[in-house]
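Engineer: Provided below for reference: sequence and predicted model.
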Protein chains: 2
Amino acid sequence: MRHDEQVSTPKTTPRTRYHHGDLRNAMTDSAVELARAGGPDAVVLREVARRVGVSATAAYRHFSDAEALLFEVKGHALELLARSIGVAVAAVPPDGDPGDVAVARLRAAANAYIDFAVDNAGLFMTAFCLTKVPGQQFEGVPFTDAAAFQALGGLLDAIVATGRMPAERRPGAEIAAWSVVHGYALLLVGGPLERHLSEQEQARARERTLDLTIRGLIAAD
Amino acid sequence: MRHDEQVSTPKTTPRTRYHHGDLRNAMTDSAVELARAGGPDAVVLREVARRVGVSATAAYRHFSDAEALLFEVKGHALELLARSIGVAVAAVPPDGDPGDVAVARLRAAANAYIDFAVDNAGLFMTAFCLTKVPGQQFEGVPFTDAAAFQALGGLLDAIVATGRMPAERRPGAEIAAWSVVHGYALLLVGGPLERHLSEQEQARARERTLDLTIRGLIAAD
DNA sequence: GGTCATTGTTAACGGTGTCAACATGAGGCA
DNA sequence: TGCCTCATGTTGACACCGTTAACAATGACC
């Protein structure tokens, strides 16, 4: 419906063979690029088909719906997010006090989450933005998040194992941790924080938010 | 684009007078109802006009854009959210230890925020969901949030005043607090939590998340 | 009571998702 | 080898959407 900015190179590769050969993946990739650049609203079935060099209706041989295509994009975005976090966590040097390392890993994961949201705002929005009240059947975020959720749990378990966090405080901690980071990221990406705070203030706010959360997790009471 | 469910009564009030008299407000109200029921995607200019009993193009006498209408709805949704929180905070009995009262107020605000998101998922999504990477000019959440932000600051100041929270931890605390609650609400509304957790687990998770956050805010270190 | 800006209306355009009917061609079976 | 079949892509059409241009009604002000 919105037909403003036609961002860039339509990139119509006018293929030679009648059958594309790998249309589903090609469309998904193209859709991911659109989402990266413009968020979920930019994922337009006809535009995707155009870029891949195929008629719009060809999409229906591989996706039941325009929404199904968007769903695929969400999955990809989540996978990229998870990978990005994994890299950051793995980059934490495992030397020194195990408790420090475990906490540093959690912090690295949190920062990677927020960094991803800032650096790939379009993908992040696409992954998490719900634009309609979901019906009976879930059509929110694909279940990939479950894996990420377990990974986060692992980080927290590690902290408990080093004695830095009371075990009885462990249950539900993933949800609290995820909530903070997710909320901060969303308030930042195109949200109020991005507008009301300078870049420096944002950095400070992020640090303090993470400090506070980690204190809540590991502070003795 | 999506033209599936036509939810309910089009409610076309075929007015008698040529001029509506209060078209702008009527359209805004109707749009808010659509958003409440179906989220931002349900706010369709032509449908709004239909319900108010007016031609689609009449909207352009009062809104520059379909987006402007949506923007108005966002403002209303935020106002309702703020009002809802205000009521909850005011309902906290001011008896007993001032520190307890101040903390209870913060907790009430947090719970009201999440309750609003759950009970008015469509409005909440409409208020906060960004569907496109914003351009130079902000087009995210209207600035009403600034007022809510200050109110939250007031709650935190009160806690500091009672000595329950170290003053040096005060700066940036709004952001941390808001982040948790906002993130939890968004993970809940149509998000992963709603699907992976039973209702009882959700209640427990919420309690623990708030506990953790408040501990982070007020725990001595 | 006449003038005119405000607020409506109709007609039309391009864009979008989607369906039905048709075209192509790659792979298996004779 | 040749044919048949079915997955894959195409064209054409429809309904809906946002938006603009040109026109009509009305109410307020002199």
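Structural biologist: Yep, it's here. Residues are numbered from 1 along each chain as shown, chains lettered A, B, ... in the order given.
Engineer: got the domain boundaries for chain A?
Structural biologist: Per the record's domain assignment (automatic domain parsing), chain A is made up of the domains A:1-63, A:74-218.
Engineer: just say which of the ones you listed is most tucked in.
Structural biologist: With neighbours defined by mean count of other C-beta atoms under 10 Å in any protein chain shown, none of the domains of chain A is more surrounded on average than domain A:74-218, at a mean of 19. The C-beta positions use only the backbone N, C-alpha and C, and glycine is treated the same way.
Engineer: need the distance between the two termini of it.
Structural biologist: 33 Å (C-alpha to C-alpha, to the nearest Å).
Engineer: near DNA strand D at all, it?
Structural biologist: No: using C-beta under 7 Å from any atom of the strand, domain A:74-218 never reaches DNA strand D; the gap is at least 12.8 Å.
Engineer: determine how far that domain lies from the middle of the whole chain.
Structural biologist: 10 Å (C-alpha atoms, centre = their mean, to the nearest Å).
Engineer: interface residues of chain A facing DNA strand C?
Structural biologist: A:1, A:3, A:17-19, A:44-47, A:56-57, A:60, A:65-67.
Engineer: for those, work out which two are farthest apart.
Structural biologist: Across these, the longest distance by C-beta to C-beta is 33.7 Å; it joins A:Met1 and A:Arg17.
Engineer: can you add distance to B:Asp221 and mean pLDDT and give the domains of chain A back as a markdown table?
Structural biologist: Listed next are the domains of chain A as a markdown table, based on distance: least, C-beta to C-beta, whole Å; pLDDT from 0 to 100:
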| stretch | distance to B:Asp221 | mean pLDDT |
| --- | --- | --- |
| domain A:1-63 | 40 | 82 |
| domain A:74-218 | 6 | 91 |
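Engineer: can you add distance to B:Leu197 and give these back as TSV?
Structural biologist: Output for these, formatted as TSV (distance: least, C-beta to C-beta, whole Å):
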stretch	distance to B:Leu197
domain A:1-63	25
domain A:74-218	8
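Engineer: quick one: closest of those to chain B.
Structural biologist: Closest to chain B of the domains of chain A, according to C-beta to the nearest C-beta: domain A:74-218, at 2.6 Å.
Engineer: can you classify A:Val54 as helix, strand or coil?
Structural biologist: coil (DSSP: H, G, I helix; E, B strand; the rest coil).
Engineer: that one touches A:Arg24, doesn't it?
Structural biologist: No: between A:Val54 and A:Arg24 there is no contact under C-beta atoms under 8 Å: 11.1 Å.
Engineer: SS state for the residue lying closest to A:Ser55 once chain neighbours are set aside?
Structural biologist: Leaving aside its chain neighbours, A:Ser55 sits nearest to A:Ala49 (6.2 Å; criterion: C-beta to C-beta, 6 or more residues apart in numbering or on different chains). Of the three states, A:Ala49 takes helix according to three-state DSSP.
Engineer: wait, A:Ala49 touches A:His62, no?
Structural biologist: No: counting by C-beta under 8 Å, A:Ala49 sits too far from A:His62 to count as a contact (10.7 Å).
Engineer: which residues do those two both contact?
Structural biologist: By C-beta atoms under 8 Å, 6 or more residues apart in numbering or on different chains, A:Ala49 and A:His62 have these common neighbours: A:Met27.
Engineer: packing partners of the helix ranked longest in chain A?
Structural biologist: In chain A, taking DSSP state H as the definition, the longest helix is helix A:66-90. Packing contacts for helix A:66-90, counted by 3 or more C-beta pairs under 8 Å, 6 or more residues apart in numbering or on different chains; DSSP states H and E, involve helix A:23-38, helix A:45-52, helix A:98-119, helix A:121-128, helix A:144-161.
Engineer: and the ones you listed as CSV, adding distance to A:Leu193?
Structural biologist: What follows is the helices and strands packed on helix A:66-90, written out as CSV (distance: least, C-beta to C-beta, whole Å):
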stretch, distance to A:Leu193
helix A:23-38, 21
helix A:45-52, 31
helix A:98-119, 11
helix A:121-128, 13
helix A:144-161, 23
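Engineer: A:Val160 against A:Pro171, yeah?
Structural biologist: No: checked against C-beta under 8 Å, the pair A:Val160 and A:Pro171 is beyond contact range at 10.5 Å.
Engineer: quick check: closest non-adjacent residue to A:Leu197.
Structural biologist: In space, A:Leu197 is closest to A:Ala205, 6.3 Å off (C-beta to C-beta, 6+ apart).
Engineer: contacts only, for that neighbour.
Structural biologist: A:Ala205 neighbours (C-beta under 8 Å, 6+ apart): A:Leu193, A:Leu197, B:Gly172, B:Ile175.
Engineer: now the angle from whichever strand or helix holds it to helix A:98-119?
Structural biologist: Taking DSSP states H and E as the criterion, A:Ala205 maps to helix A:199-218. Helix A:199-218 and helix A:98-119 meet at an angle of 140 degrees, taking axes from the mean of the first three to the mean of the last three C-alpha atoms, to 10 degrees as the criterion.
Engineer: report the contact partners of the residue nearest to A:Ser55.
Structural biologist: A:Ala49 neighbours (C-beta under 8 Å, 6+ apart): A:Met27, A:Ser55, A:Ala56, A:Ala58, A:Ala59.
Engineer: quick one: the second one from B:Asn25, how far?
Structural biologist: A:Ser55 sits 45 Å away from B:Asn25, taking C-beta to C-beta, to the nearest Å as the criterion.
Engineer: so A:Leu69 makes contact with A:Met27?
Structural biologist: Yes: using C-beta under 8 Å as the test, A:Leu69 is close enough to A:Met27 to be in contact (6.7 Å).
Engineer: quickly list what's touching both of the two.
Structural biologist: Common neighbours of A:Leu69 and A:Met27 (C-beta under 8 Å, 6+ apart) are A:Val48, A:Ala59, A:Phe63.
Engineer: make a markdown table out of those and add distance to B:Phe124.
Structural biologist: Output for the shared contacts of A:Leu69 and A:Met27, formatted as a markdown table (distance: C-beta to C-beta, whole Å):
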| residue | distance to B:Phe124 |
| --- | --- |
| A:Val48 | 30 |
| A:Ala59 | 32 |
| A:Phe63 | 29 |
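Engineer: between those, which is nearest B:Glu201?
Structural biologist: Closest to B:Glu201, out of all of the shared contacts of A:Leu69 and A:Met27 and judged by C-beta to C-beta, is A:Phe63, at 33.4 Å.
Engineer: got the contact list for the closest one?
Structural biologist: A:Phe63 neighbours (C-beta under 8 Å, 6+ apart): A:Arg24, A:Met27, A:Leu69, A:Glu72.
Engineer: and if we set it to 7 Å?
Structural biologist: A:Leu69 (C-beta atoms under 7 Å, 6 or more residues apart in numbering or on different chains).
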